[in-house]
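A.B. asks: quick one, structure for this:
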Amino acid sequence: MEITGIKNIHPAAGKASSKKGWKLTDALREKITALAKEDAAQNVYMGNQFLALRKSEVAKVAPDRAVLIGRMNQAMSGDMGNMKQIEEADRRWLCILFGEPYEAEFQSGGGVHVYDENGDEILTYTAGVGWHEKESKAETEVHGVLKAAYYDAYHAARQEINSGIAGMEVQGGFDARA
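C.D. replies: Numbering: from 1, shown residues only. The predicted model follows:
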């Protein structure tokens with residue numbers, strides 16, 4: 001079986017043990033606030049530094065899809081007998097092959113679905129198309145927490161900037177409202 005069109009969008013460095021412990025720490029919140037203030041001063045929403053920070057934090061909870069794709073490709077590249085064994089394997093055997101806590105589901109026609117320990121589909125393979133990554137609930141949650149913290153800090157910074165500008169207009173002897 002030939003597999004084409006494989007994409008590794010972001011080979012995450014996350015490990016199962018680090019998934020459980022992610023939280024928005026005070027230090028991380030302070031860093032987000034500092035970045036949001038810098039961005040607000042430049043009138044840029046979600047600048048490159050924040051986006052890089054968010055990507056690195058999400059990677060901490062992301063499954064290592066590059067390894068999973070490699071293992072799946074290796075398993076699928078054998079003869080059809082190997083595929084038959086994989087399709088009929090029980091959960092324990094699949095966990096040995098792909099690593100705890102992942103599971104795989106095979107469909108006729110060469111489709112494959114890979115799930116994490118929460119039952120979230122994180123990878124899909126379609127014959128003729130290739131691999132497609134799907135965001136897990138843990139990744140979505142980290143994105144949401146980080147974006148909410150940034151949003152709050154950014155809007156507080158913009159309000160502070162705007163109130164400072166309004167104060168300067170009145171102090172300078174020019175009242176824009178007149």
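A.B. asks: and the top helix by length along the chain, what's buried?
C.D. replies: Longest helix in the chain, counting residues (DSSP state H): helix 137-171. For helix 137-171, the neighbour count (16 or more other C-beta atoms under 10 Å) marks 138, 139, 142, 143, 145, 146, 149, 150, 153, 154, 157, 158 as buried. Heads up, the C-betas are built off the backbone N, CA and C, glycines and all.
A.B. asks: what is the nearest of these to residue 111?
C.D. replies: residue 139 (22.6 Å; C-beta to C-beta).
A.B. asks: what's downstream of the helix or strand bottoming out on mean pLDDT in the chain, the next helix or strand?
C.D. replies: The weakest-scoring helix or strand in the chain, judged by mean pLDDT, DSSP states H and E, is helix 16-19 (a mean of 40). Elements were assigned by DSSP states H and E; along the chain past helix 16-19, the next helix or strand is helix 26-41.
A.B. asks: pull out the buried positions in that next one.
C.D. replies: So, applying 16+ other C-beta under 10 Å, buried residues of helix 26-41: 28, 29, 32, 33, 35, 36, 37, 39, 40.
A.B. asks: with distance to residue 71 and pLDDT added, can I get those residues in CSV?
C.D. replies: Below are the buried residues of helix 26-41 laid out as CSV (distance: C-beta to C-beta, whole Å; pLDDT from 0 to 100):
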residue, distance to residue 71, pLDDT
28, 32, 97
29, 37, 97
32, 35, 97
33, 40, 97
35, 37, 97
36, 40, 97
37, 44, 96
39, 40, 97
40, 45, 96
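A.B. asks: most widely separated two among these?
C.D. replies: 28 and 40 (18.4 Å).
A.B. asks: give me the low-pLDDT residue ranges for the protein?
C.D. replies: For the chain, applying pLDDT under 70 flags the ranges 1-20, 76, 78-100, 166-178.
A.B. asks: swap the cut-off to 80 and go again
C.D. replies: 1-21, 71-104, 106-110, 164-178 (pLDDT under 80).
A.B. asks: coming back round to it: could you give the angle of the longest helix of the chain to helix 26-41?
C.D. replies: 50 degrees (axes from the mean of the first three to the mean of the last three C-alpha atoms, to 10 degrees).
A.B. asks: which other helices and strands contact helix 137-171?
C.D. replies: helix 26-41, helix 48-59 (3 or more C-beta pairs under 8 Å, 6 or more residues apart in numbering; DSSP states H and E).
A.B. asks: redo the ones you listed as JSON lines? Include distance to residue 66.
C.D. replies: Compiled in JSON lines, the helices and strands packed on helix 137-171 are given as follows (distance: least, C-beta to C-beta, whole Å):
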{"stretch": "helix 26-41", "distance to residue 66": "25"}
{"stretch": "helix 48-59", "distance to residue 66": "12"}
